[in-house]
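Peer 1: Model the following, please.
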Amino acid sequence: MASTNTNKKYTRNKRLPRGKHNGVELLLIQTVDHVGAQGEVVEVKRGYAMNYLLPQGLATIATDHHKRMVDKHKARLQEIQNARMAGLRDLAQELSRQSVTIEANANDEGHLYGSVGAPEIVAALKRNEITITADQVRLKGPLKELGLYTVNIHLGHDIEGELKVWVVPTVTEDVPEKK
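Peer 2: Residues are numbered from 1 along each chain as shown. Next up, the predicted model:
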């Protein structure tokens, strides 16, 4: 009695879709080096498809249904990216309308005893209910004198915002001496 191997997903007689160059057309489930990125339709040799890509679960047959699903997924990801970019642009505009005041100890000439850096700017923005990280603050150097500074805030994807930072002397209340 001859036994047939029905366990194999793809048999030798199974027809696989052919590409323009007479290779096998597959849809990549995962990114494969030197072949393509996830979601791309690629054309590879039959042996590579049958012996590596399909058994390892790295690709599937490129049917019209699978292609439509990938296109819908890419469109959805693009919508999410566009919404994120719009949010970053709104945040950049909001930052340009803001100014923060940071108090620091200074001498009579206006030189600070310490310096004002990114963590202080982030803390001041957090008090205004704007959350950014210290690595997004682009300072040309620490702020070491009293005055008004314009600080660039890098929000990502070439979106920059400008923030006005006032560095003012710390206000100390003089306690009247008892006589």
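
Peer 1: alpha carbons only for contacts and neighbour counts from here, please
Peer 2: Will do.

Peer 1: So which residues of this protein form helices?
Peer 2: Counting by DSSP state H, the chain has helices at residues 46-48, 64-97, 118-127.

Peer 1: List the buried residues of the last one.
Peer 2: This means helix 118-127. Under the neighbour-count criterion of 16 or more other CA atoms under 10 Å, helix 118-127 has 118, 121-125 buried.

Peer 1: What of the first one?
Peer 2: Within helix 46-48, the residues that qualify as buried by neighbour count (16+ other CA under 10 Å) are Arg46.

Peer 1: any weak-confidence spans in this structure?
Peer 2: 1-15, 19-20, 172-179 (pLDDT under 70).

Peer 1: if we can go back for a sec, quick check: which of the helices of the chain has the most neighbours on average?
Peer 2: helix 118-127 (a mean of 16; mean count of other CA atoms under 10 Å).

Peer 1: who does it touch, helix- and strand-wise?
Peer 2: strand 99-104, strand 137-138 (3 or more CA pairs under 8 Å, 6 or more residues apart in numbering; DSSP states H and E).

Peer 1: Relative to Arg89, which of the ones you listed is closest?
Peer 2: Smallest distance to Arg89 across these (CA to CA): 15.9 Å, for strand 137-138.

Peer 1: What helices and strands are in contact with the closest one?
Peer 2: Partner elements for strand 137-138 (3+ CA pairs under 8 Å, 6+ apart): helix 118-127, strand 147-156.
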